[in-house]
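In: Need a 3D model of the sequence below.
(chains A and B, ligands or ions: 2)
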Amino acid sequence: MIQIKDLHKSYRMGSNSLHVLKGINFSVKEGELVAIMGSSGSGKSTLLNILGMLDVADSGEYILDGIPIKNLNETKAANYRNKFLGFIFQSFNLINYKTALENVALPLYYQGVGRKERQAKAMKYLEQVGLREWSHHVPSELSGGQKQRVAIARAMVAEPKVLLADELTGALDSKTSYEVMDLIQKINDQGNTILVVTHEDDIAHMCKRIVHLRDGVIVEDKEIEQVRASQYVQ
Amino acid sequence: MFDLERWQEIFDTIRKNKLRTFLTGVSVASGIFILVILLGFGQGMRNGIAREFEQDASTSVWVWPGTTTKEYKGLNPGRRIQLRNENFDTWTALNGERIEYNSARNFVNGVSVTYGNEALVYGVQGVHPDFQFIDNAKMSEGRFLNYSDHVNTAKVIVIGNKIKKDVFAHLDSPIGEYVDISGIPFKIVGVFKEMREREEEQMYIPITTVQRVFNGGDRISNMAFTLPPVEDFDQAVTQAVAFKEELRGYLSQAHTIHPEDESAMQVWSALEEAKRYYSLTGNIKLFFWFVGICTIIAGVVGVSNIMLIVVRERTREIGIRKALGARPWSIVGMILHEAVFITAFSGFFGLILSMALLEVVGPNIEVDYVLNPSVDLRVALTTVFVLILAGTLAGFFPAWRAANIQVINALRDE
Ligand SMILES: Nc1ncnc2c1ncn2[C@@H]1O[C@H](COP(=O)(O)OP(=O)(O)OP(=O)(O)O)[C@@H](O)[C@H]1O
Ligand SMILES: [Mg+2]
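Out: Ligands and ions are numbered 1, 2, ... in the order given. Okay, here's the model as predicted:
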């Protein structure tokens, strides 16, 4: 599903340049659930942004579902982002003047789904993240955890093949985290490919594979025994 | 444009960003409003000046004799020129087909005018029946002097509306009443209206009667002609000037006046004068256009600024939308669609408001040189479209740029 080879990325700041990704090689098969771990500043978000086609690498190869992602025209890129990739941002990135429901429905708007169906579907996903009663609140009226869950619902509503989550549970208490992970595991059970950036070991162990990043390279990549989140949820 | 989903998306955005929408709308609406009012008053001034000229028929040519100032053929300067019936008749006979209406005029001086016991102090003039058309007098009651009055030296009189109001207010109508001029009774046969009250303080009787009854002999004070109307203004002016010059030539010769002695025989053409004023009003119009264009430019700059700010403010939102799969064109389309909608809506709002104001206030404005300010709907509509176009263009470039930057950079925007 995802193959990357020798991926490099640096940020230029004035005359200095900060080399963040220094040759990443890894691949993810369809249906995998991968945790990406690493200390702050190690380049996790940078990697995920490139995988989510929000940013471009300086060099290296990125093949998504057999298609090389390089110099893609914007319309094609938009199609991939819309149909193929779901992204959950570290900082949520909700549209502040839209209600939770409208935020969740937005990817469907860009798929050309009709208004009624959009709202029904968005409501279904909001319900799954436990925010039915909050559907008509704007982000500023929601807590951090609630915003995170809206963002999750929004990423899932389009039922993307690949779900990329940056600090999926960063703003959640452990109970809610487990609920969210339960959801993620269920989506994964349906065959979706999911990459989760996390700092928390217990969350990482609910995945099937853990990738460790340090100073812009992968230092460890191991398959693990998955812990089911459902046992923590009643 | 007819994408219902997009309309809904835009109405959502507008509803939830009321202040931004309001400010954009106000700047567009006020721009249009100011422009329409300005253009309206420009037109009002034109109308007002045109009215000043409508007092007399626009093609009229007037002759006023004066005193010679140049020696000519042995005749000393300082000689008073007196027009006579013969001058009028000869010229009229020679130029019949070039003349629409003609009238000589004789001011009746040194007579007492009374109505019953009341002494009246209004001017009395002897005129031809055509004078009504030359003077643009509108009959409000009865009739003007007619041909039969003229040939029969009838003792009939036509009075101005002001006189009716001053003297005959107690009657339903002054028609049929008599006023005495030097003790001779004249029957009132008509009341006329003029543009200005001052000109309604006149009484007209047949010139033949003046000459016969008040020892006028064959003397006339001045004479006036109107030329048949011509479609083309410049051609009309040319004709009037030619007529005027020939008339002066004839009269100078008949009275042995130096051909260049302007003050001995003043010939005045309303058209020639009008042309001067028209070029003046043309300048006024130009000035208002200039001010109007400046207003529009200010409006365009304002709209452009707002669009820049709007796009700037929405950069992060654009990033989010793109991350969710929006195509660049759909982003540009959304922003422009909204801009066009707001500009058009508020533009027409300003247009309707200002036109309504002109419509209501315009006809009630009582100022010299301003009459019924109004604006050409096409001009007003064009300005609205110019603003819409400007808003669209001004919005396009920042929208296009924002829609094409790397998603992550748009998202980083604070
Ligand atoms: N736009 C940018 N310009 C310059 N430097 C950047 C930019 N984005 C990230 N960096 C730098 O790149 C490095 C990696 O950042 P990244 O966001 O990928 O870290 P991370 O692993 O996600 O950290 P965290 O766990 O804190 O989210 C950091 O040192 C950061 O300062
Ligand atoms: Mg990060």
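
In: low-confidence ranges in the chain?
Out: Since no chain was named, I'll use chain A. Counting by pLDDT under 70, chain A shows low-confidence ranges at A:234.

In: ah, no, chain B please
Out: B:1-2, B:50-57, B:281, B:366-369, B:414.

In: how does it divide into domains?
Out: Listed domain ranges for chain B are B:4-52+B:277-412, B:101-226 (source: automatic domain parsing).

In: Just the terminal-to-terminal distance for the longest one.
Out: Okay, so that is domain B:4-52+B:277-412. 31 Å (Cα to Cα, to the nearest Å).

In: Could you report the distance from whatever residue of chain A ends up closest to chain B to ligand 1?
Out: Distance from chain B to each residue of chain A (Cβ to the nearest Cβ) is smallest for A:Asn82, at 2.3 Å. Bear in mind the C-beta positions are built from the backbone N, C-alpha and C, glycine included. Applying Cβ to the nearest ligand atom, to the nearest Å, one obtains 24 Å for the distance of A:Asn82 from ligand 1.

In: tell me which element that residue falls in.
Out: Taking DSSP states H and E as the definition, A:Asn82 sits inside helix A:74-83.

In: what sits up against that helix?
Out: Residues external to helix A:74-83 that are found in contact with it (Cβ atoms under 8 Å, 6 or more residues apart in numbering or on different chains): A:52-54, A:64, A:69, A:72, A:87, A:107, A:110-111, A:158, A:160, B:322-329, B:404, B:407.

In: Swap in 6 Å and give it another go.
Out: A:53, A:110-111, B:325, B:327-328 (Cβ atoms under 6 Å, 6 or more residues apart in numbering or on different chains).

In: Equivalent analysis for stretch B:313-331, please.
Out: Under the contact criterion Cβ under 6 Å, 6+ apart, stretch B:313-331 has outside partners A:54, A:74-75, A:78, A:81-82, A:87, A:93, A:95, A:106-107, A:110, B:402-404, B:407, B:410-411, B:413.

In: how about the residues of chain A near ligand 1?
Out: Residues of chain A found near ligand 1 (Cβ under 6 Å from any ligand atom) are A:11, A:13, A:18, A:20, A:38, A:40-46, A:90.

In: Separate out the buried members of the contacts of stretch B:313-331.
Out: Buried positions within these, assessed by neighbour count (16 or more other Cβ atoms under 10 Å in any protein chain shown), are A:54, A:74, A:78, A:81-82, A:87, A:93, A:95, A:106-107, A:110, B:402-403, B:407, B:410-411.

In: Now for those: which two are most distant?
Out: The most widely separated members of these are A:Glu74 and A:Ile95, with 20.4 Å between them, by Cβ to Cβ.

In: what are the ranges of the strands in the chain?
Out: Picking chain A for this. The residue ranges that make up the strands of chain A, judged by DSSP state E, are A:2-13, A:16-28, A:33-38, A:59-64, A:67-68, A:85-88, A:162-166, A:193-197, A:209-214, A:217-223.

In: if you could check chain B rather than the one you did, that'd help
Out: Listed in chain order (using DSSP E), the strands of chain B are B:60-65, B:83-84, B:101-108, B:113-115, B:118-120, B:123-127, B:138-142, B:156-160, B:178-181, B:184-193, B:202-206, B:219-220, B:222-226, B:265-269.

In: Could you tell me which residues of chain B lie near chain A?
Out: For chain B, the residues found near chain A under the criterion Cβ under 6 Å from any Cβ of the partner chain are B:16, B:317, B:320, B:323-328, B:407-408.

In: mind listing which of those are in helices?
Out: When the residues of chain B next to chain A are checked against helices using DSSP state H, the ones located there are B:16, B:317, B:320, B:323, B:328, B:407-408.

In: Restrict stretch B:26-37 to CA atoms and write it as CSV.
Out: Only the C-alpha atoms of stretch B:26-37 are listed here, as CSV (Å, rounded to 0.1, in the frame of the first residue of the first chain):
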residue,chain,number,x,y,z
VAL,B,26,-21.3,48.3,3.0
SER,B,27,-18.2,49.4,1.1
VAL,B,28,-19.7,48.3,-2.2
ALA,B,29,-23.2,49.6,-1.5
SER,B,30,-21.9,53.0,-0.4
GLY,B,31,-19.6,53.3,-3.4
ILE,B,32,-22.5,52.7,-5.8
PHE,B,33,-24.7,54.9,-3.7
ILE,B,34,-22.4,57.9,-3.8
LEU,B,35,-21.7,57.5,-7.5
VAL,B,36,-25.4,57.3,-8.4
ILE,B,37,-26.2,60.4,-6.3
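
In: re the thing from before, reformat the strands of chain B as a markdown table; add mean neighbour count.
Out: Converted to a markdown table, the strands of chain B look like this (neighbours: other Cβ atoms under 10 Å in any protein chain shown):
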| stretch | mean neighbour count |
| --- | --- |
| strand B:60-65 | 21 |
| strand B:83-84 | 19 |
| strand B:101-108 | 22 |
| strand B:113-115 | 17 |
| strand B:118-120 | 13 |
| strand B:123-127 | 21 |
| strand B:138-142 | 15 |
| strand B:156-160 | 26 |
| strand B:178-181 | 20 |
| strand B:184-193 | 19 |
| strand B:202-206 | 24 |
| strand B:219-220 | 20 |
| strand B:222-226 | 24 |
| strand B:265-269 | 19 |
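
In: any chance of the ones you listed in a markdown table, plus distance to A:Ile194?
Out: Output for these, formatted as a markdown table (distance: least, Cβ to Cβ, whole Å):
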| stretch | distance to A:Ile194 |
| --- | --- |
| strand B:60-65 | 95 |
| strand B:83-84 | 111 |
| strand B:101-108 | 99 |
| strand B:113-115 | 110 |
| strand B:118-120 | 108 |
| strand B:123-127 | 105 |
| strand B:138-142 | 91 |
| strand B:156-160 | 99 |
| strand B:178-181 | 110 |
| strand B:184-193 | 92 |
| strand B:202-206 | 101 |
| strand B:219-220 | 111 |
| strand B:222-226 | 96 |
| strand B:265-269 | 94 |
